[in-house]
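In: please find the sequence and the predicted model below.
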Amino acid sequence: MRQLFNKQNTFLFLLIMMVILARFFPFLESYNAYFNLPGFIDWGIAAIFLLYGLKLNLKEVMKDVANWKLHLLIQSGTFILFPLLVLLFYPLVKDSQYTTVWLSVFFMACLPSTVSSSVVMVSIARGNVTSAIFNASVSGLIGILMTPLLMSFFLVSAEGSGDQGEIIQQLLIKVLLPIVLGILLNPVLKKWVTKYSSAIAEFDRLIILLIVYESFSTAFSQHIFASVPAVTFLILACSVVFLFFAVYHILQYAARKMKFKREDIITATFCGSKKSLVHGSLFLLVLGIPDDQKVLFLLPVMIYHSFQLFYVSWLASKIAKRTEELQPEKII
């Protein structure tokens, strides 16, 4: 438990440090003559998804298919409930100055669930870990199609969003192709991936940190933060916290109505209410988000990631402690 907090706290601290570094020492376009940071990040994105395919255990995934009601509820929460809740507010902001702010929250709502933290939190709370692994893995695969599909309804008409054919091409080259290649190489390189799993995890974090640094470097050097006032930040923070609690309690209510076991209720609420900073950082570059809007799109994901990490960690510990004291239906 202590190790989890230390590792996650270190990563959050490093994220903050990247923002500070970008503020005082931004990476300027002229620096590409010495080190091509955008190019390195592009290759890093492809490598992350290649490693994702290498780590994906298809046999373990297939074993848990029978628990389809739980899987359906979790994936519905991730890719249907989340976007629908944000869509309810679209008529209020349409054609207003807050349209882009709304779209940045919608982007976060369309992202897949996390992988590692979902499984860890479910394990701490003594939930159904096998189903957590299944849904975390499947969510990432579904997100490759669903996140761009959901965003395409609004990015098509967004000014400067880029050509949709180019976006699809980038998805195929940087995301889908590496995953397929990783799955094909899984039998050959599985032992290597297992042996160096810690180093692979650190590489994932490195690329995310570089994406954050590059995005904020652009924001600071081009004075983009002038368009993100404190009121906007407050709106984003309140929106993502509201989304978490709304989705969490709706999934909890649905799971109880479906008469799930305590372990499955925990898995449904924890996995279904998570959003992935990894995928958010990567899709930010793949979907053709304009450079002057990247920071605005990244902010809700970072706020949500920080909130879910600390709150769900505390909640998981609380549930674990109360497991033996209360009846299952009162635990969560």
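Out: Received it, and whenever you're ready, just let me know what you need.
In: pLDDT score for Phe260?
Out: Note for Phe260: predicted pLDDT of 93.
In: my guess is it meets Ile266, correct?
Out: No: using C-beta atoms under 8 Å, Phe260 is not in contact with Ile266, being 9.2 Å away. Using the backbone N, CA and C atoms, a C-beta is placed for each residue, glycine as well.
In: of those two, who's got more company?
Out: Ile266 (32 against 20; other C-beta atoms under 10 Å).
In: from Ser76, how far off is that one?
Out: 17 Å (C-beta to C-beta, to the nearest Å).
In: now the helices for the stretch 51-200 of the chain?
Out: Along the stretch 51-200 of the chain, the segments classed as helices by DSSP state H, counting those that start in this stretch run 58-63, 68-76, 82-87, 90-93, 99-109, 116-124, 129-155, 164-171, 177-195, 197-221.
In: and the residue nearest the centre of the chain, what's its pLDDT?
Out: Nearest to the geometric centre of the chain sits Ser276, at 1.3 Å (C-alpha atoms, centre = their mean). Looking at Ser276, its pLDDT stands at 83.
In: quick check: closest non-adjacent residue to Ser123.
Out: Val129 (5.1 Å; C-beta to C-beta, 6 or more residues apart in numbering).
In: tell me the contacts of that neighbour?
Out: The neighbours of Val129, taking C-beta atoms under 8 Å, 6 or more residues apart in numbering as the test, are Val119, Val122, Ser123, Thr267.
In: my read: the second one touches Cys271, true?
Out: Yes: counting by C-beta under 8 Å, Val122 touches Cys271, with 6.8 Å between them.
In: where do the contact lists of the two overlap?
Out: Contact criterion C-beta under 8 Å, 6+ apart; residues shared by Val122 and Cys271: Ala132.
In: what about the two, which has more around it?
Out: Cys271 (32 against 27).
In: what about that one, which helix or strand?
Out: helix 262-272 (DSSP states H and E).
In: now do the helices in the stretch 201-332 of the chain.
Out: Remark: helices assigned in the stretch 201-332 of the chain by DSSP H, counting those that start in this stretch are 230-257, 262-272, 277-286, 294-322, 328-331.
In: deepest of those, which one?
Out: helix 262-272 (a mean of 28; mean count of other C-beta atoms under 10 Å).
In: what does that helix rub up against?
Out: Residues from elsewhere that reach helix 262-272 (C-beta under 8 Å, 6+ apart): 67, 70, 73-78, 81, 113, 118, 121-122, 125-129, 131-132, 135-136, 139, 247-248, 251-252, 254-256, 260, 312, 316, 319, 328-329, 331-332.
In: quick revisit: can you put the helices of the stretch 51-200 of the chain in CSV and add distance to Ile20 and mean pLDDT?
Out: Converted to CSV, these look like this (distance: least, C-beta to C-beta, whole Å; pLDDT from 0 to 100):
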stretch, distance to Ile20, mean pLDDT
helix 58-63, 40, 67
helix 68-76, 36, 93
helix 82-87, 30, 96
helix 90-93, 31, 92
helix 99-109, 22, 93
helix 116-124, 24, 71
helix 129-155, 29, 83
helix 164-171, 30, 60
helix 177-195, 32, 80
helix 197-221, 9, 77
